[in-house]
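Chemist: Build me a structure from this.
(one chain, ligands or ions: 1)
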Amino acid sequence: MDQNIFLIGPMGSGKTSLGRRVAPRLGLDFIDLDEELERRCGVEVAVIFEIEGEAGFRERERELLAEVASGRGRLVATGGGSVLDPRNREVLHAHGLVVWLRTSVDQQLRRLERDRRRPLLAAPDRRERLTRMAEQRNPLYQEAAHLIFESRNRPMPAMAEALHECIRAHLASVPDAAKRSTGQ
Ligand code: S3P
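Modeler: Just a heads-up that it's a prediction; the model follows:
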């Protein structure tokens, strides 16, 4: 398969874990946008936030997404905030099949319980922070997505199997989805 697939959704929706498992089954190269950014910058995302602020991080995220999206045959795990910039939503939608991993705040809290690396989670009340983010971002995920996958509380291997099947069925049911979503 030479089209791209983009996983979008909030922190803790499983973009990285599921993407890593599903990409080889679809014959796609896996790229995690945050990991790629960290590799190129030589520092963690939290350090980029600290030095350049969120605006600096968003600029780097936008440039990298545009570059990665211009390639083919990739399954890309995006950062949870990549849909905030309308230019990114356009790039995503035009260069691949966009799958929203929809989840609940309860689920996010469980999955992110031990996380101390994500700067936007460094809040006294995580539930409140994640709820506010969901209110702001869910309409944007909805706008950018071609397909919605319910990322619920199931073991990772079972969920990866379900996501793979969901993508496969979608591509089979909309035969020109690949062409439309790669702009051909
Ligand atoms: C962010 C999500 C993070 C990372 C950064 C900002 C966000 O990625 O890009 O900390 O704005 O939601 P994950 O969704 O992979 O955690």
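
Chemist: List the contacts of the nearest residue to Ser82 once chain neighbours are set aside.
Modeler: Take Ser82 and drop its neighbours on the chain: the residue closest to it by Cβ to Cβ, 6 or more residues apart in numbering is Asn88, 5.1 Å away. The way it works is simple: take the backbone N, C-alpha and C, and place the C-beta from them, glycine included. Neighbour list for Asn88: 61-62, 65, 82 [criterion: Cβ atoms under 8 Å, 6 or more residues apart in numbering].

Chemist: Met1 now?
Modeler: Met1 touches 26-28, 73, 178, counting by Cβ under 8 Å, 6+ apart.

Chemist: Which one of those sits in the busiest neighbourhood?
Modeler: Leu28 (21 neighbours; other Cβ atoms under 10 Å).

Chemist: circling back to that earlier point, from the contacts of Asn88, which land in helices?
Modeler: Residues of the contacts of Asn88 located in helices (DSSP state H): 61-62, 65.

Chemist: Return the closest of those with respect to the ligand.
Modeler: Nearest to the ligand among these: Glu61, at 6.7 Å, using Cβ to the nearest ligand atom.

Chemist: Now do the closest one: how many residues are near it, please.
Modeler: Using other Cβ under 10 Å, Glu61 has 23 neighbouring residues.

Chemist: before we move on, what about the one 10 residues further on?
Modeler: Using other Cβ under 10 Å, Gly71 is surrounded by 14 other residues.

Chemist: thinking it is in contact with Gln3, fair?
Modeler: No. Judged on Cβ atoms under 8 Å, Gly71 makes no contact with Gln3 at a distance of 10.8 Å.

Chemist: Next, work out how far apart Arg132 and Asn138 are.
Modeler: Arg132 sits 11 Å away from Asn138, going by Cβ to Cβ, to the nearest Å.

Chemist: Same list, the contacts of Met1, but as TSV with secondary structure please.
Modeler: Formatted as TSV, the contacts of Met1 follow (DSSP: H, G, I helix; E, B strand; the rest coil):
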residue	secondary structure
Leu26	coil
Gly27	coil
Leu28	coil
Gly73	coil
Ala178	helix
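
Chemist: from the contacts of Asn88, which two are the most distant?
Modeler: Arg62 and Ser82 (8.0 Å; Cβ to Cβ).

Chemist: which of those two has more neighbours?
Modeler: Ser82 (24 against 16).

Chemist: Please enumerate the strands of this structure.
Modeler: Here the chain has its strands, by DSSP state E, at 5-8, 29-32, 74-77, 97-102, 147-150.

Chemist: which of the ones you listed is buried the deepest?
Modeler: strand 5-8 (a mean of 28; mean count of other Cβ atoms under 10 Å).
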